[in-house]
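In: Here is a sequence together with a model predicted from it:
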Amino acid sequence: MKQFLPLLILVLIGYSFSKVKSQVSSVARPKASVLFSEEDKRRVASQNFFEEQSEGPAGDLKINQIQIIASHNSYHLRTEPAILRFLTGLYNLHLLSKDLNPKYIDYTNAPLTDQLEKYGVRGLELDVWNDPTGGRFYKRKGRALVFKSTASKIEALKQPGFKLLHIPDFDFISTNPTLVDALKEIKRWSDAHPNHLPVFINIETEVSTPGDEIKFLHSLTHAAPFDSLAAESIDKEVKSVFGEKLEGVLTPDEVRGNYPTLEKAVLSGNWPTLKAAKGKVIFIIDGDGTSGEVYKAGHPSLKGRAMFVYSNPGTAEAAFVILNEAKSDFANIQKCVKEGYIIRTRSDDGTKQARSGDSTTMHAALSSWAQIVSTDYYRPDPRAGSKEWSNYCVQIPGGGLARIDSISASGELKDLKIKE
């Protein structure tokens, strides 16, 4: 690393004297409880989130016949101010590409329980990193570049199992340090609300770190592959929380039923009703193509698996399809929804919309009738109204937890109101 000392010195100068420093808050991250104003609480209470009305005509809707709001990177908390200033210094010196603008990670989430209960989110996303021997992510090595201790002091990170974080060494603060911890929190909420709408949970398998991508940063943390052992391990972790029989989880086997493939079942409308799926969670793996293929290997149509996998139409495992570009993918989203798939799209990217207030992608996502609309802003950014931040927020039009999907639901069902 000695040959890179001049570069690091230059970077640190940029970090220390960056003009952006004054624009980035150096205040310690607030506790979750202060993120919710009394106005927020009154707004949510007015939406009757907890009326238990799963019975009746609305309960006969299929789970692909509603549209819900999901949070993106649900576990993510804003990284340490010193790290954010350091990355901003790198960016200002043109040492990071435009798609690595630190502004894009300058956001924070409410605890998972609050997302589900206070904000009516019915979809979550968890980025998981394989750590089969434990300790791989215990140290936050990027902190050394801002002259801080690298020890996380989180004992759970020393144990084997999947970890929850965004970018190792730099963007590592999470609501829950491990996948199991997050699943336990979700299950506690689910058990306390047995009539809730199904909750869709994206499991994004991460396999590449800055240490893997940048050769001269080889001393940083490296990812473990998502291999066949990892595929078995992730199902075991789900079962460790939800039980061997996966009670409370809607599995691919249940949707496939007696059809020859999962896709055939979906295209034949074999999704369960809201009544049958109430109180359940649904896991969908969203990773690079390799991770999905590894998870499917030896399990045709995901037989015996705990999770679905985002797949391309025309494949045996296709039930959930990911089309994240709501504007350019608009026609394809509508086509796939009409055919019977469940589609996930995004309404915003990074912090761009929250800063500008631009709602065009949000409107495209909602009007595409993709069933899962993912956002970082199920509530406005806590800094909304201050310099650089708008009141941008993504909610179901008219309020509430969900609405009838105008494409996939039949005409006689479209005027029903969905409540839990």
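Out: Thanks, I have it.
In: Which pLDDT value goes with L10?
Out: pLDDT recorded at L10 is 36.
In: per-residue pLDDT, E51?
Out: Looking at E51, the pLDDT reads 35.
In: actually G289, sorry about that
Out: Looking at G289, the pLDDT reads 80.
In: Please report phi then psi for it.
Out: Backbone torsions for G289, taken as degrees, to the nearest 10, come to phi -60, psi -30.
In: show me the contacts for it.
Out: Residues counted as contacts of G289 (CB atoms under 8 Å, 6 or more residues apart in numbering): none. Using the backbone N, CA and C atoms, a C-beta is placed for each residue, glycine as well.
In: so what's the nearest residue to I285 once chain neighbours are set aside up against?
Out: Leaving aside its sequence neighbours, I285 sits nearest to V309 (CB to CB, 6 or more residues apart in numbering; 4.7 Å). Residues in contact with V309 (CB under 8 Å, 6+ apart) are I284, I285, G292, Y295, K296, L302, E317, F320.
In: Give the buried residues for the helix or strand hosting the fourth one.
Out: The reference is to Y295. In this assignment (DSSP states H and E), Y295 forms part of helix 289-296. Across helix 289-296, burial judged by 16 or more other CB atoms under 10 Å covers S291, G292, V294, Y295, K296.
In: now swap in stretch 159-177 and tell me
Out: 161-177.
In: CA atoms of that stretch as PDB?
Out: What follows is stretch 159-177, C-alpha atoms only, in PDB (Å, rounded to 0.1, in the frame of the first residue of the first chain):
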ATOM      1  CA  GLN A 159     -20.900 -15.500  14.400                       C
ATOM      2  CA  PRO A 160     -21.500 -17.500  11.200                       C
ATOM      3  CA  GLY A 161     -24.500 -16.600   9.200                       C
ATOM      4  CA  PHE A 162     -25.800 -14.000   6.700                       C
ATOM      5  CA  LYS A 163     -25.200 -10.400   7.500                       C
ATOM      6  CA  LEU A 164     -27.200  -7.400   6.600                       C
ATOM      7  CA  LEU A 165     -25.500  -4.300   5.200                       C
ATOM      8  CA  HIS A 166     -25.200  -2.100   2.100                       C
ATOM      9  CA  ILE A 167     -21.500  -1.600   1.300                       C
ATOM     10  CA  PRO A 168     -18.900  -3.300   3.500                       C
ATOM     11  CA  ASP A 169     -16.300  -1.000   5.000                       C
ATOM     12  CA  PHE A 170     -18.100   2.200   4.000                       C
ATOM     13  CA  ASP A 171     -21.900   2.000   4.200                       C
ATOM     14  CA  PHE A 172     -22.400  -0.500   7.000                       C
ATOM     15  CA  ILE A 173     -25.000   0.700   9.500                       C
ATOM     16  CA  SER A 174     -28.100  -1.400   9.600                       C
ATOM     17  CA  THR A 175     -31.300  -1.600  11.600                       C
ATOM     18  CA  ASN A 176     -30.500  -5.300  12.100                       C
ATOM     19  CA  PRO A 177     -26.900  -6.700  11.900                       C
END
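In: I'd like to know the average pLDDT value across that stretch.
Out: pLDDT averaged over stretch 159-177 gives 97.
In: swap in stretch 335-347?
Out: 98.
In: ok now it, how far from the chain's centre?
Out: Averaging C-alpha positions (CA atoms, centre = their mean, to the nearest Å) puts stretch 335-347 17 Å from its chain's average.
In: Repeat that for stretch 222-235.
Out: In terms of CA atoms, centre = their mean, the centre of stretch 222-235 is found 19 Å from the chain centre.
In: quick one: buried residues of that stretch?
Out: Of the residues in stretch 222-235, those buried (16+ other CB under 10 Å) are A223, A224, F226, A230, A231, S233, I234, D235.
In: and what of stretch 356-370?
Out: S359, T361, M362, A364, A365, L366, S368, W369, A370.
In: any idea of the mean pLDDT in it?
Out: Mean predicted lDDT for stretch 356-370 stands at 98.
In: What is the end-to-end distance of that stretch?
Out: 24 Å (CA to CA, to the nearest Å).
In: what sits against the closest residue to G161 other than its chain neighbours?
Out: Excluding the flanking residues, the one nearest G161 by CB to CB, 6+ apart is T178, at 5.7 Å. Going by CB under 8 Å, 6+ apart, T178 touches A156, L157, Q159, G161, F162, K163, L164.
In: Pick out the most distant pair among these.
Out: Q159 and L164 (13.1 Å; CB to CB).
In: Give me the secondary structure label for the most centrally placed residue in the chain.
Out: Nearest to the centroid of the C-alpha atoms of the chain, with distances taken as CA atoms, centre = their mean, sits E125, at 2.0 Å. Using DSSP: H, G, I helix; E, B strand; the rest coil, the secondary structure recorded for E125 is strand.
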